[in-house]
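Colleague: below are the sequence and a predicted model; questions follow.
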Amino acid sequence: MPGQPTVIKFFAPVIDVTINALMNAIDQKMKQGQKNFILLISSPGGSVFHGLSAYNYLKGLPAEITTHNFGSVDSIGVVLYCGGIKRLSVPQARFLLHGVSANFPQGASLEEKQLEERLKGLRIDLENIAKVVAANTGKSSEEVTQAMLDRTTLNPQEAQAWRLVHEIKVELFPSGSEVISIQYQEQPKQLLGK
């Protein structure tokens, strides 16, 4: 239907494959003249790199992006959610804010300078995430940082009081809208035989 938004259901972690699929879907629709998108999000989070990149991409588009939490928006998923100019949530949802971590391969050996580099990177990631959430809620970066360090979980009403959510709404999108689904299923690891 002309004039209808394109709906993208992002039911996935924030990782290279899913964020590339999201940006490609938006690019394709924008080439066809679409300027109105509803991004339905339910995500356990994932990569800070990909989440911040997607946020900056969404904010920089010449398009109207509405984000709608339809389950759980956790971790870096909150940053992706902040990419919407209008942010909605279903009544039975949650938002989880927490600090950042680094993964080290088993048996990894790092020198002091490498550890310092990792720590600086973690601090900058924490700072950037706090800045994004603060810029979209009116909270200070310090308040958001503390909420992250406290591993804060918000229900939709609390998120609305934070001004993270603009409206609590059950309806996800207008009838007749095109829906593009982005999902990710991790491949099962090979089990070792006896």
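Modeller: Thanks, I have it.
Colleague: quick check: buried residues in stretch 91-107?
Modeller: Applying a neighbour-count criterion of 16 or more other C-beta atoms under 10 Å, the buried positions in stretch 91-107 are A93, R94, F95, L96, L97, H98, V100. Every C-beta, even on glycine, is put in place using the N, C-alpha and C of the backbone.
Colleague: let me see the confidence value for the spatially closest residue to G121 that is not a sequence neighbour.
Modeller: Excluding the flanking residues, the one nearest G121 by C-beta to C-beta, 6 or more residues apart in numbering is A102, at 7.6 Å. Per-residue pLDDT puts A102 at 72.
Colleague: what's near enough to touch A102?
Modeller: The neighbourhood of A102, defined by C-beta atoms under 8 Å, 6 or more residues apart in numbering, consists of R118, G121, L122.
Colleague: L115 versus that one, what's the distance?
Modeller: 9 Å (C-beta to C-beta, to the nearest Å).
Colleague: which one of the buried residues of stretch 91-107 is nearest V133?
Modeller: L97 (7.1 Å; C-beta to C-beta).
Colleague: the closest one contacts V78, doesn't it?
Modeller: Yes - between L97 and V78 a contact is recorded at 6.1 Å, counting by C-beta atoms under 8 Å.
Colleague: so which other helices or strands are in contact with the longest strand belonging to the chain?
Modeller: Here the longest strand in the chain is taken by residue count, with DSSP state E as the criterion, and it is strand 64-74. Taking 3 or more C-beta pairs under 8 Å, 6 or more residues apart in numbering; DSSP states H and E as the contact definition, the neighbouring helices and strands of strand 64-74 are strand 36-43, helix 77-81, strand 86-89, strand 94-97.
Colleague: out of the ones you listed, the one nearest L172 is which?
Modeller: Ranking the helices and strands packed on strand 64-74 by distance to L172, with C-beta to C-beta as the measure, places strand 36-43 first at 5.8 Å.
Colleague: can you list the strands that the closest one pairs with?
Modeller: Based on DSSP bridges, the pairing partners of strand 36-43 within the sheet are strand 6-11 (parallel), strand 64-74 (parallel).
Colleague: how about those strands in JSON lines, adding mean neighbour count?
Modeller: As requested, the strands paired with strand 36-43 are exported to JSON lines (neighbours: other C-beta atoms under 10 Å):
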{"stretch": "strand 6-11", "mean neighbour count": "21"}
{"stretch": "strand 64-74", "mean neighbour count": "21"}
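Colleague: for those strands, give me TSV that also has mean pLDDT and distance to A159.
Modeller: Listed next are the strands paired with strand 36-43 as TSV, based on pLDDT from 0 to 100; distance: least, C-beta to C-beta, whole Å:
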stretch	mean pLDDT	distance to A159
strand 6-11	98	18
strand 64-74	98	8
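Colleague: and those as JSON lines, adding distance to I19?
Modeller: Rendered in JSON lines, the data for the strands paired with strand 36-43 read as follows (distance: least, C-beta to C-beta, whole Å):
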{"stretch": "strand 6-11", "distance to I19": "9"}
{"stretch": "strand 64-74", "distance to I19": "14"}
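Colleague: understood, closing this out.
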